[in-house]
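# Predicted model and sequence below, questions to follow.
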Amino acid sequence: MEFTHPVVIDPTGRDIHGEADRIRERGPVTPVELPHGVPAWAVSSAPLLKRLLTDPRVSKDARRHWHRWLDGEVSPDWPLYTWVSVRNMFTAYGTEHKRLRTLVSKAFTARRTAALRPRIEEITAALLDRVAKAGAGGGADGHAVDLREEFCYPLPIQVIGELLGLPEELGPELRVVVDGVFHTSADAAEVADIYARFYAVLGELVAVKRAAPGDDLTSALIAAREEESGTRLSEQELLDTLMLMISAGHETTVNLLDNAVHALLTHPDQLAHVRGGRASWDDVIEETLRAEAPVASLPLRYAVEDLPLGELGGPDGKVIRKGEAILAAYSAAGRDPEQHGPDAGAFDVTRAVKDHLAFGYGVHHCLGGPGRITGGRVRGILLLQRPHLALEDPHRAAERTRRVGQFLRAEQDDHRDRHDQQMPGLQSVAQHVMPSLSSTVATLRNCTTPG
C-alpha cells in the first residue's frame with residue numbers, strides 16, 4: 001500500500017472519537033502519522049484487527065521487526081520510545097514472549113488478586129467517605145467534587161501499591177512519574193528525566209523486597225523461575241515488568257472507572273436501566289470498554305513479513321510490508337459499524353452484543369484485565385450508595401473542561417496547579433495513543449451513606 005495523506009494523530013487527543021471516525025472513514029487500514037512524523041498503519045476494523053492480533057506474522061518486538069528501529073531512526077527522545085523499547089512481555093515475540101509471560105503468570109495469580117478484594121473494598125470505602133465529606137456542606141445542592149481526582153485516580157494507584165508491596169514513602173513519587181509516562185509532547189530532557197525517576201523508584205522497591213521479601217507481587221516476580229529452563233527475569237526485565245504492571249494497570253483502570261461513571265451520568269436512561277435491574281454492572285463494564293475504550297490506540301506492532309490483507313478478510317490487493325508499524329486502533333474498532341451496527345457510537349448498556357478488544361486479544365491479551373478487579377464492585381458501591389450523584393451543571397462543565405490526551409480536565413482546577421508545581425514543564429497532557437479518559441466533575445447532593 002502507498003503511504004500517502006496520513007491522518008495526523010493529535011498527541012493531545014482533543015477529539016479522540018472524531019479522530020477515530022476519520023480513521024474509519026478512510027478504510028479498515030489507514031496510514032497515520034504518530035508524534036515526530038513516525039508512520040504507522042492504523043487498523044480500525046474489529047474483525048481484521050482481531051485476526052492481526054493472533055497472526056504469528058505480526059510482532060511486538062521493535063528490535064527484531066521494525067525497520068525504523070533497525071535503521072537507527074528511533075531515538076530515545078521520541079515520546080513513545082519506552083513503549084516500544086522496554087524489555088518485558090509487552091514488547092516480546094514468539095518463544096521470548098512465552099518465557100516472560102510464563103514467569104509473570106507464576107507471580108500474578110488469581111489467588112493473589114482475589115486476596116486483595118477485601119483491601120480494595122476498604123480503600124474504596126475510605127475514598128468514598130472522603131468524596132462525601134468534600135461534597136457536604138454546600139447547601140441543598142452540595143459542593144462539586146472532581147471524581148477523577150478524588151476517587152477514580154487514587155483508587156487504582158493505591159490498589160497497585162498494595163499488590164506490589166510498595167513502601168508508603170515511595171507512593172507520592174510513583175504517582176508523579178506515572179503521570180509523566182503519559183506526556184506525549186514532552187521534550188527529550190523531560191522524557192529522560194521522567195524515566196530516570198521511574199527506574200529509581202522501581203530500583204528502590206526491588207531493593208526493599210530483596211532485603212525483606214513479602215507476600216506481594218514484587219517479591220513473587222523476583223522469585224519466579226521458569227521450570228523448563230530454570231531462568232528468572234533479568235534485572236532489566238524485572239524493572240520493565242514492574243513498569244508495565246504499574247503503567248498499564250493504573251491508567252486503564254482510572255479511565256475505565258471515570259469513563260463509566262461519566263457515561264452513566266450523561267445518559268440517565270442508561271443509569272435507570274441499571275438501577276431498575278434491567279442491566280447489570282457487568283453490562284456497564286462491557287459497554288464502557290466497547291464504547292469508551294480505556295486504551296484509544298496502542299503502539300506498536302510490526303509485520304514480520306509482507307501481510308496480504310485480503311487473506312485476512314481485509315481489502316484485496318492491499319499489503320502491509322515487512323517491517324512496517326501497525327497501530328491497534330481500539331477506540332475506532334469498538335465503534336465499528338460493521339461490528340455493532342449503525343448505532344455503534346451510542347452508549348447502550350442493554351446492547352445484546354458488546355464485543356470489544358479493550359484488553360487486547362491473542363497471546364498479548366491483558367493478563368489480569370485489572371479494570372475488572374475493581375470495576376464492577378466499586379461502581380456498584382459508588383452509585384448505589386450515592387443515589388443523588390449527578391453531573392455538575394452540564395453547561396458550566398462544558399465551559400470549564402477540554403480534552404487533553406486521555407484527560408478531560410477543568411482548565412483552572414487547583415489540582416492541575418499542584419501537579420505542575422510537582423513536575424515543572426510536564427503538564428497534564430496524556431498520551432493520546434494510550435487510554436482515553438473523561439473526567440467527571442460531579443455534585444454530591446445529600447449523599448451520606450445509608451445506614
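In hand now; what should we look at? Numbering: from 1, shown residues only.

# make it CA atoms for all contacts and neighbour counts henceforth
Noted.

# Select the helix or strand of the chain having the lowest average pLDDT value.
Taking mean pLDDT, DSSP states H and E as the measure, the chain has strand 407-410 as its least confident helix or strand, at a mean of 24.

# give me the number of residues near R101?
Counted by other C-alpha atoms under 10 Å, the residues lying close to R101 total 21.

# C-alpha coordinates for whichever strand or helix holds it, PDB please?
Assigning secondary structure by DSSP states H and E places R101 in helix 94-107. These are the backbone C-alpha positions of helix 94-107, laid out as PDB (Å, rounded to 0.1, in the frame of the first residue of the first chain):
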ATOM      1  CA  GLY A  94       7.400 -15.800  20.000                       C
ATOM      2  CA  THR A  95       9.300 -18.000  22.400                       C
ATOM      3  CA  GLU A  96      10.600 -15.000  24.300                       C
ATOM      4  CA  HIS A  97       7.100 -13.700  24.900                       C
ATOM      5  CA  LYS A  98       6.100 -17.200  26.100                       C
ATOM      6  CA  ARG A  99       9.000 -17.300  28.600                       C
ATOM      7  CA  LEU A 100       8.300 -13.900  30.000                       C
ATOM      8  CA  ARG A 101       4.500 -14.400  30.300                       C
ATOM      9  CA  THR A 102       5.100 -17.800  32.000                       C
ATOM     10  CA  LEU A 103       7.300 -16.100  34.600                       C
ATOM     11  CA  VAL A 104       4.900 -13.300  35.200                       C
ATOM     12  CA  SER A 105       1.900 -15.700  35.400                       C
ATOM     13  CA  LYS A 106       3.600 -17.600  38.200                       C
ATOM     14  CA  ALA A 107       3.600 -14.400  40.300                       C
END
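
# Please point out which parts of it sit buried.
Across helix 94-107, burial judged by 16 or more other C-alpha atoms under 10 Å covers H97, R99, L100, R101, T102, L103, V104, K106, A107.

# mind listing what's buried in whichever helix or strand comes after it?
Toward the C-terminal end, the helix or strand that comes next after helix 94-107 (DSSP H and E) is helix 110-135. For helix 110-135, a neighbour-count test (16+ other C-alpha under 10 Å) marks I120, E121, I123, T124, A125, L127, L128, V131, A132, A134, G135 as buried.

# same question, stretch 261-279
For stretch 261-279, burial by neighbour count (16+ other C-alpha under 10 Å) applies to V261, H262, A263, L264, L265, T266, Q270, L271, H273, V274, R275, A279.

# Am I right that the fourth one is in a helix?
Yes: assessed by DSSP: H, G, I helix; E, B strand; the rest coil, L264 belongs to a helix.

# so it makes contact with L271?
Yes: using C-alpha atoms under 8 Å, L264 makes contact with L271 at a distance of 5.2 Å.

# for the protein, which spans come out with low pLDDT?
For the chain, the stretches with pLDDT under 70 are 137-142, 182-186, 226-228, 367-387, 393-451.

# residue ranges of the strands in it, please?
For the chain, strands defined by DSSP state E occupy the ranges 7-8, 29-34, 38-43, 58-59, 144-146, 298-303, 307-308, 319-320, 325-328, 389-391, 401-404, 407-410, 441-444.

# Kindly export the third one (C-alpha atoms) in PDB.
This file holds the C-alpha atoms of strand 38-43, laid out as PDB (Å, rounded to 0.1, in the frame of the first residue of the first chain):
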ATOM      1  CA  VAL A  38       6.600   8.400  12.600                       C
ATOM      2  CA  PRO A  39       4.400   6.400  10.200                       C
ATOM      3  CA  ALA A  40       2.100   3.500  11.000                       C
ATOM      4  CA  TRP A  41      -0.900   1.700   9.700                       C
ATOM      5  CA  ALA A  42      -4.000   2.100  11.900                       C
ATOM      6  CA  VAL A  43      -6.300  -0.900  11.900                       C
END
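
# That one versus strand 29-34: what angle between them?
150 degrees (axes from the mean of the first three to the mean of the last three C-alpha atoms, to 10 degrees).

# In JSON lines: the strands of the chain, plus distance to D343 and mean neighbour count.
Below are the strands of the chain laid out as JSON lines (distance: least, C-alpha to C-alpha, whole Å; neighbours: other C-alpha atoms under 10 Å):
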{"stretch": "strand 7-8", "distance to D343": "24", "mean neighbour count": "18"}
{"stretch": "strand 29-34", "distance to D343": "22", "mean neighbour count": "22"}
{"stretch": "strand 38-43", "distance to D343": "20", "mean neighbour count": "24"}
{"stretch": "strand 58-59", "distance to D343": "31", "mean neighbour count": "24"}
{"stretch": "strand 144-146", "distance to D343": "30", "mean neighbour count": "22"}
{"stretch": "strand 298-303", "distance to D343": "24", "mean neighbour count": "23"}
{"stretch": "strand 307-308", "distance to D343": "31", "mean neighbour count": "18"}
{"stretch": "strand 319-320", "distance to D343": "30", "mean neighbour count": "19"}
{"stretch": "strand 325-328", "distance to D343": "22", "mean neighbour count": "27"}
{"stretch": "strand 389-391", "distance to D343": "24", "mean neighbour count": "20"}
{"stretch": "strand 401-404", "distance to D343": "24", "mean neighbour count": "20"}
{"stretch": "strand 407-410", "distance to D343": "24", "mean neighbour count": "23"}
{"stretch": "strand 441-444", "distance to D343": "27", "mean neighbour count": "25"}
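
# export those to a markdown table and tack on distance to A114?
Below are these laid out as a markdown table (distance: least, C-alpha to C-alpha, whole Å):
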| stretch | distance to A114 |
| --- | --- |
| strand 7-8 | 42 |
| strand 29-34 | 39 |
| strand 38-43 | 35 |
| strand 58-59 | 32 |
| strand 144-146 | 29 |
| strand 298-303 | 28 |
| strand 307-308 | 41 |
| strand 319-320 | 42 |
| strand 325-328 | 30 |
| strand 389-391 | 29 |
| strand 401-404 | 35 |
| strand 407-410 | 30 |
| strand 441-444 | 31 |
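
# What is the neighbour count of the closest residue in space to L166 that isn't next to it in sequence?
Counting by C-alpha to C-alpha, 6 or more residues apart in numbering, L205 is the residue found nearest to L166 once chain neighbours are left out, at 6.5 Å. As a burial measure, L205 scores 20 neighbours (other C-alpha under 10 Å).

# Quick check: L205 vs Y199, distance?
Going from L205 to Y199 by C-alpha to C-alpha, to the nearest Å gives 10 Å.

# and if you look at G334?
G334 is 34 Å from Y199, by C-alpha to C-alpha.

# Compare these two (neighbour count), which wins?
Neighbours per residue (other C-alpha under 10 Å) separate G334 from Y199, with G334 holding more: 29 against 17.
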